[in-house]
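1. Okay, sequence plus prediction incoming.
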Amino acid sequence: MLPPSTVLPSLAGLLEVFRPCFRAPTYRVFAALVVGMIAQTGRHTVCGMLLGAGLGGVWHHARAHRFFSAARWSADRVGLALAQLIADLLLPPAAALEVAVDETFFRRRGKKIFGVLWGYDGSVNAPKPLQVGWGHCWVIADLVAHLPGFPRPICLPVLLRLWGGKGTASRVQLARTLVELLARAFPDRTLHVVADGAYATHVLRGLPERITWTTRAAGRSVFYRLPPAPTGRRGRPRLKGDRLGTSAGLAARARFRPCRTTCYGHTATVRVAETLCLWYGVFGPRAARVLNVRDPAARGKDLTLVTTDLASTAAALVSRYAGRWSIEVAVFDGKQFVGAGQARNRTRAAVERTVPFAVICTSLIPLWYSQFGDRTADVADHRRAAPWYTTKKDPSFEDMLAALRRVVIAARFNPLRAEAPTATEILQVQHAWASAAA
């Protein structure tokens, strides 16, 4: 296989952003394994990446394994470089960053693997108390962005942390660490973080003012009025006002007003009630807004959002929280199509790097497509091959991956030579092209 910079200038241009994160020999391995990870249609193990890059008979497999287990590079630094690339390509200058935080589980087999534990695995087909698995639990921070011409937001994973189980830093602490890394990398931008109800604990106290946190509150969460003005008497001033009650109680006596917002690609009217208060158990003395959201289509089931963002409109906050669902789609795409979690590393360094590497490859695919993909042609080809998709208007992640794989395949089987390809090469191209779209 020829070097990616020779045969694939579009992808090589994106990968140049990561060059400062590596030494020169390590960067060549990184670029080759990225191409192999994307081009591989079989198992996405470390050796599978070599096969996908066409280097199985050129490099010894130990060279690829050493990249994950022994080479000097930081997954955080690579993730921050990816975040900068996303901001440069998809976000306006100085615009606020929307960050979605969640966790996901990767199953593993074996006892001599670093960091494995029994944890919640939502993919298990069983009642929730029985949805457990043996493997790794990863906390993920994604940047939420809009691809040009796409109606729905997309989550692009950038930073990950492996959770070590009880007795180690909690998942909320890990999430805060990732968010603060992003905040230091973008000192001139505001960060709007969105997370589900599991990421609402006292760990969030003391966040910088330019980091806002939006999450979901349980029905038993207790809220308080803002602290009263100092009275001038002796003693410590009050840190919180009178008790307002639980989120369910606020919803029962709230005055709802209509609010038109866009969620999941559709615009609808919901009813929203707002309360300015303190969620002292989570955010401490920092003021917050409680949004009781009532969707008529949800048959009376209210959604209670709490946010430290005091400036955005209620419609923007509801839409922002709905966009958090894109992180579930990103995790599914990474596991199902890119093969994240299929590598079988055992040592600590390799375990802590392989999944972030695969997730970075997952984010690179929509980025590449936003700059070099042909949206209209790909949708037309898909609808021509599958005419029952009469309402398909936008390419899926699988379509983007197939388009990039075809570029890689065409570059691999079109070397820089004047003679015509052989019949064997033509058959290989046809077979690989079909595999890329499979």
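-> In hand now; what should we look at?

2. Which residue comes closest to Leu317 once chain neighbours are left out?
-> Spatial nearest neighbour of Leu317, chain neighbours left out: Thr307 (5.7 Å); criterion: Cβ to Cβ, 6 or more residues apart in numbering. C-beta coordinates here come from the backbone N, C-alpha and C atoms, glycine included.

3. do Ala175 as well
-> Val101 (4.5 Å).

4. The helix or strand hosting that neighbour: which residues count as buried?
-> Using DSSP states H and E, Val101 falls within strand 97-107. Along strand 97-107, these residues count as buried under the neighbour rule (16 or more other Cβ atoms under 10 Å): Leu97, Glu98, Val99, Ala100, Val101, Asp102, Glu103, Thr104, Phe105, Phe106.

5. Mind giving me the packing neighbours of that strand?
-> Counting contacts by 3 or more Cβ pairs under 8 Å, 6 or more residues apart in numbering; DSSP states H and E, strand 97-107 is packed against strand 132-145, helix 171-185, strand 191-195, helix 326-333.

6. Sheet partners, orientation included, of that strand?
-> strand 132-145 (antiparallel), strand 191-195 (parallel) (DSSP bridges).

7. same question for the next helix or strand after that strand, mean pLDDT?
-> Going down the chain from strand 97-107, the next helix or strand is strand 117-120, by DSSP H and E. Mean pLDDT, strand 117-120: 91.

8. Output strand 117-120 as PDB, nothing but the C-alphas.
-> Taking Å, rounded to 0.1, in the frame of the first residue of the first chain, the C-alpha atoms of strand 117-120 are listed here in PDB:
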ATOM      1  CA  LEU A 117     -15.300  -5.300  35.900                       C
ATOM      2  CA  TRP A 118     -19.000  -6.300  36.100                       C
ATOM      3  CA  GLY A 119     -21.000  -3.300  35.000                       C
ATOM      4  CA  TYR A 120     -24.300  -2.200  33.500                       C
END
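
9. roughly how far is that strand from the heart of the chain?
-> 21 Å (Cα atoms, centre = their mean, to the nearest Å).

10. Could I get the buried residue list for it?
-> Gly119.

11. Now do it: which elements does it pack against?
-> If contacts are counted by 3+ Cβ pairs under 8 Å, 6+ apart, strand 117-120 sits against strand 132-145.

12. May I have the strand it packs on as CSV, with CA atoms only?
-> Provided in CSV are the C-alpha atoms of strand 132-145 (Å, rounded to 0.1, in the frame of the first residue of the first chain):
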residue,chain,number,x,y,z
VAL,A,132,-24.9,-6.6,33.4
GLY,A,133,-21.7,-7.6,31.5
TRP,A,134,-18.0,-8.2,32.0
GLY,A,135,-15.8,-5.6,30.3
HIS,A,136,-14.9,-2.0,30.3
CYS,A,137,-17.0,1.1,31.2
TRP,A,138,-15.9,4.2,29.4
VAL,A,139,-17.0,7.8,30.1
ILE,A,140,-17.3,9.7,26.8
ALA,A,141,-17.3,13.4,26.0
ASP,A,142,-18.6,14.3,22.6
LEU,A,143,-18.8,17.6,20.7
VAL,A,144,-22.3,18.3,19.3
ALA,A,145,-22.2,19.8,15.8
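
13. circling back to that earlier point, need the winner for burial among the helices and strands packed on strand 97-107.
-> Mean neighbour count (mean count of other Cβ atoms under 10 Å) peaks for strand 191-195 among those, with a mean of 25.

14. could you give the angle of the strand holding Val101 to helix 326-333?
-> For strand 97-107 against helix 326-333, the angle between stretch directions is 40 degrees (axes from the mean of the first three to the mean of the last three Cα atoms, to 10 degrees).

15. tell me the angle strand 97-107 makes with helix 171-185.
-> 140 degrees.

16. How far off centre is strand 97-107?
-> 6 Å.

17. what does the average pLDDT come to for it?
-> Mean pLDDT, computed over strand 97-107, is 95.

18. coming back round to it: kindly reformat the strands paired with strand 97-107 as JSON lines containing distance to Ala70 and mean pLDDT.
-> JSON lines is the format used below for the strands paired with strand 97-107 (distance: least, Cβ to Cβ, whole Å; pLDDT from 0 to 100):
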{"stretch": "strand 132-145", "distance to Ala70": "20", "mean pLDDT": "94"}
{"stretch": "strand 191-195", "distance to Ala70": "34", "mean pLDDT": "97"}
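
19. which one of the ones you listed lies closest to Ala403?
-> With distances scored as Cβ to Cβ, the stretch of the strands paired with strand 97-107 nearest to Ala403 is strand 132-145 (18.9 Å).

20. from the chain's centre, how far out does that closest one sit?
-> Worked out by Cα atoms, centre = their mean, strand 132-145 lies 8 Å from the chain centre.
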